[in-house]
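**Student:** Predicted model follows, preceded by the sequence.
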Amino acid sequence: MSFRSEDDKKAYWRANIHLLLKLLTVWFVVSFGCGILFAEALNSIQFFGFKLGFWFAQQGAIYVFIALIFIYMFKMNQLDKQFGVEEE
């Protein structure tokens, strides 16, 4: 990986960390927030026959985590192209 300048390198890693923090925030809100903190309120909603709070705690957080992996992959490929460090 070769950057054009030191400023590009710093901007790339700043954008990478910013993306990671956003995705980790979503993961935290879904796994801890929906599965634990807001579970009682969400349990009043049915989702595929299950209480929504229970569903998030048992399956939903896992699905969101997998989706976040693919979102990270897609966004990092865009970031790599933007800074000219994409893989061949």
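**Tutor:** Done, it's in.
**Student:** going forward, measure contacts between C-alpha atoms and count neighbours the same way
**Tutor:** Will do.
**Student:** Sketch out the strands for this protein, chain order is fine.
**Tutor:** Ranges of strands in the chain, per DSSP state E, are 46-47, 50-51.
**Student:** Return the most buried member of these.
**Tutor:** Stretch with highest mean neighbour count among the strands of the chain: strand 50-51 (a mean of 15; mean count of other CA atoms under 10 Å).
**Student:** contacting residues around it?
**Tutor:** Strand 50-51 is contacted from outside by 42-45, using CA atoms under 8 Å, 6 or more residues apart in numbering.
**Student:** Distance to residue 81 and mean pLDDT for the strands of the chain - can I get that in a markdown table?
**Tutor:** Listed next are these as a markdown table, based on distance: least, CA to CA, whole Å; pLDDT from 0 to 100:
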| stretch | distance to residue 81 | mean pLDDT |
| --- | --- | --- |
| strand 46-47 | 40 | 86 |
| strand 50-51 | 43 | 88 |
